[in-house]
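**Q** Need the 3D shape of this:
(2 chains)
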Protein chains: 2
Amino acid sequence: MDGKALRQNEVAVALPSASDAALHFIGTIRTPWQTRRDCPHRGDLDGPLCRLEIDEPWVAALDGIEGCERLEVLYWLHQARRDLVRQSPGRDGRTQGTFALRSPLRPNPIGSSLVRLVRRAGAVLEVRGLDCLDGTPLIDLKPEICRFAGATAKGAAGA
Amino acid sequence: MDGKALRQNEVAVALPSASDAALHFIGTIRTPWQTRRDCPHRGDLDGPLCRLEIDEPWVAALDGIEGCERLEVLYWLHQARRDLVRQSPGRDGRTQGTFALRSPLRPNPIGSSLVRLVRRAGAVLEVRGLDCLDGTPLIDLKPEICRFAGATAKGAAGA
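**A** The predicted structure follows:
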């Protein structure tokens, strides 16, 4: 969406030329939604089944995740422009700061969703609760509530 | 911590040589904790006051955030090694996969916390609920619960 016209009263800034840190995508999210117009506005823990396909070498990092009822999923909103500081979600000239919105358009377009883990099959997790596009790159998975004691022990917190 | 000795039964992998996406830090987190040993294991919404110092050109993106009671904060765990797929938080030889833990050591070391917004003063937000090191780079802020209708309108969801 970079370069797309601004809506009334929206404000864009020049992005920094240097980057501060680099991400490695860990897999891909498969959802039923092919365009932004198709996506629901918010994930629903009883919504359609989606798949988190984990790439090597990260599949081993899933061990134990079967014990987690709910997961926090972080993903990269790869189609989002990053330069808006004021946005008009309603397209009505009224704007708010980007950090006061959960819009996908943000300096670091990282989406976060809480999902319900339905099933693990090897390198694939079946989950409900997402609202992002099919093909969205996956960044991280963390337990939200875990039935394993280890997940609440010292050293397991903090991220 | 890269290169630090593995604990018993921990497994590290070779990191991908290429990166998939780049982050721009949007500011810095100020907390009372100077070492990982000092950090609490989990943030407390009634814990010590911490400061989110936002850098230009992102200060304008805070407009309207005063209406948000709770914020989701994403930050970069800059001291964390990224190559572990199995970890032993208890240092006892028992390990779990990285994605089954909220450990800061992860392929993309992004921390997420829910905080309570106490006050905004210009480019600084005073919040409670963090558990990270002083000096941690800030990546993103999103409203968790917002009193402004705009935050629940179409286009405001999805990230």
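**Q** so where's chain A uncertain?
**A** Filtered on pLDDT under 70, chain A yields the residue ranges A:1-3, A:145-159.
**Q** now the strands for it?
**A** A:11-12, A:21-23, A:27-30, A:50-54, A:68-76, A:84-87, A:96-97, A:110-121, A:124-128, A:136-146 (DSSP state E).
**Q** Without its sequence neighbours, what residue ends up closest to residue A:38?
**A** residue A:32 (7.6 Å; Cβ to Cβ, 6 or more residues apart in numbering or on different chains). For the C-beta atoms, the positions are set from N, CA and C on the backbone; glycine is no exception.
**Q** does residue A:115 really touch residue A:45, like I thought?
**A** Yes: using Cβ atoms under 8 Å, residue A:115 is in contact with residue A:45, at 7.3 Å.
**Q** any common contacting residues for these two?
**A** A:128, A:129 (Cβ atoms under 8 Å, 6 or more residues apart in numbering or on different chains).
**Q** higher neighbour count, the two?
**A** Under the neighbour definition other Cβ atoms under 10 Å in any protein chain shown, residue A:115 and residue A:45 were set side by side, and residue A:115 has more, 22 against 12.
**Q** Any figure for the gap between the more buried one and chain B?
**A** Applying Cβ to the nearest Cβ, to the nearest Å, the value for residue A:115 to chain B is 13 Å.
**Q** ok, now which ones touch that residue?
**A** So residue A:115 contacts A:43, A:45, A:50, A:70, A:71, A:72, A:73, A:127, A:128, A:129, A:130 (Cβ under 8 Å, 6+ apart).
**Q** and residue A:28, bridged to which residues?
**A** Applying DSSP bridges to residue A:28 gives these bridge partners: residue A:53, residue A:137.
**Q** Among the contacts of residue A:115, which ones lie close to chain B?
**A** Residues of those in contact with chain B (Cβ under 8 Å from any Cβ of the partner chain): residue A:72.
**Q** okay if I get the strands of chain A as a markdown table plus distance to residue B:106?
**A** Rendered in a markdown table, the data for these read as follows (distance: least, Cβ to Cβ, whole Å):
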| stretch | distance to residue B:106 |
| --- | --- |
| strand A:11-12 | 32 |
| strand A:21-23 | 11 |
| strand A:27-30 | 13 |
| strand A:50-54 | 13 |
| strand A:68-76 | 10 |
| strand A:84-87 | 29 |
| strand A:96-97 | 29 |
| strand A:110-121 | 14 |
| strand A:124-128 | 16 |
| strand A:136-146 | 6 |
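**Q** Look at residue A:14 and say how many residues are nearby.
**A** Neighbours around residue A:14, by other Cβ under 10 Å: 7.
**Q** my guess is it contacts residue B:58, does it?
**A** No: Residue A:14 is beyond contact range of residue B:58, at 11.8 Å (criterion: Cβ under 8 Å).
**Q** For residue A:69, grab the count of nearby residues.
**A** If you count neighbours by other Cβ under 10 Å, residue A:69 ends up with 11.
**Q** so it sits right up against residue A:114, yeah?
**A** No: counting by Cβ under 8 Å, residue A:69 does not reach residue A:114; the two are 10.7 Å apart.
**Q** Overlap in contacts, these two.
**A** Shared contacts of residue A:69 and residue A:114, defined by Cβ under 8 Å, 6+ apart, are found at residue A:144.
**Q** picking up where we left off before, so for residue A:103, which of the strands of chain A sits nearest?
**A** Comparison of the strands of chain A against residue A:103 by Cβ to Cβ identifies strand A:84-87 as nearest, at 5.6 Å.
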